[in-house]
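>>> What shape does this take:
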Amino acid sequence: MFELAVTPEAEADLEKLWSSDNAAAADLTVLVEELRDNQVTLAAMHVHQRMEGRVHISRLLEMRARRLDLWRLKVYELDDPKQIVPYRIVYAYDNANKIYYIIAYMHRSVDYERDPEFSRRIQNAYKNLGIPEL
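Below is the predicted model of the structure:
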């Protein structure tokens with residue numbers, strides 16, 4: 001069975017989001033709870049370019065090139081599945097233990113490849129989890 005965990009850094013992201021965008025924070029909170037209870041979606045969360053339920057799954061290719069198993073979820077709104085939530089979920093996958101770790105919630109305007117601070121943050125979060133490189 002797969003598990004889903006949220007790191008303290010990601011929890012802090014979500015806490016900030018509650019102050020600035022209640023609707024997005026609520027949608028993301030509901031989604032995480034849905035994911036925890038859905039082994040089918042969790043099993044799909046390491047399949048690149050897959051649509052599963054109201055999420056689009058994709059590998060962070062630049063991070064893959066750095067041998068890090070990092071992914072993102074593009075989330076569609078609960079009330080209107082044609083609308084995209086303006087935040088993405090960034091997560092790491094620990095294949096040996098079948099655990100997904102949400103490490104960040106990032107606004108869609110952030111380009112992890114061109115934002116060195118965010119890129120460092122997610123790389124450090126991955127390494128701090130002790131997940132082996134690919």
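>>> who's in contact with the strand ranked longest in the chain?
Ranked by residue count under DSSP state E, the longest strand found in the chain is strand 84-94. Residues outside strand 84-94 that contact it (C-beta atoms under 8 Å, 6 or more residues apart in numbering): 17, 21, 24, 27-28, 31-32, 45-46, 60, 68-77, 99-108, 112, 122, 125-126, 129, 131. Any C-beta I mention is one placed from the backbone N, CA and C, and that applies to glycine too.
>>> Just the helices from this structure, written as ranges.
With DSSP state H as the criterion, the chain has helices at 8-20, 22-36, 39-44, 61-65, 116-129.
>>> Is it possible to get JSON lines of those that adds mean neighbour count?
Output for those, formatted as JSON lines (neighbours: other C-beta atoms under 10 Å):
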{"stretch": "helix 8-20", "mean neighbour count": "14"}
{"stretch": "helix 22-36", "mean neighbour count": "16"}
{"stretch": "helix 39-44", "mean neighbour count": "15"}
{"stretch": "helix 61-65", "mean neighbour count": "14"}
{"stretch": "helix 116-129", "mean neighbour count": "15"}
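>>> Let me have the ones you listed in JSON lines, adding mean pLDDT and distance to residue 82 as columns.
Output for the helices of the chain, formatted as JSON lines (pLDDT from 0 to 100; distance: least, C-beta to C-beta, whole Å):
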{"stretch": "helix 8-20", "mean pLDDT": "97", "distance to residue 82": "22"}
{"stretch": "helix 22-36", "mean pLDDT": "95", "distance to residue 82": "14"}
{"stretch": "helix 39-44", "mean pLDDT": "96", "distance to residue 82": "19"}
{"stretch": "helix 61-65", "mean pLDDT": "94", "distance to residue 82": "26"}
{"stretch": "helix 116-129", "mean pLDDT": "96", "distance to residue 82": "28"}
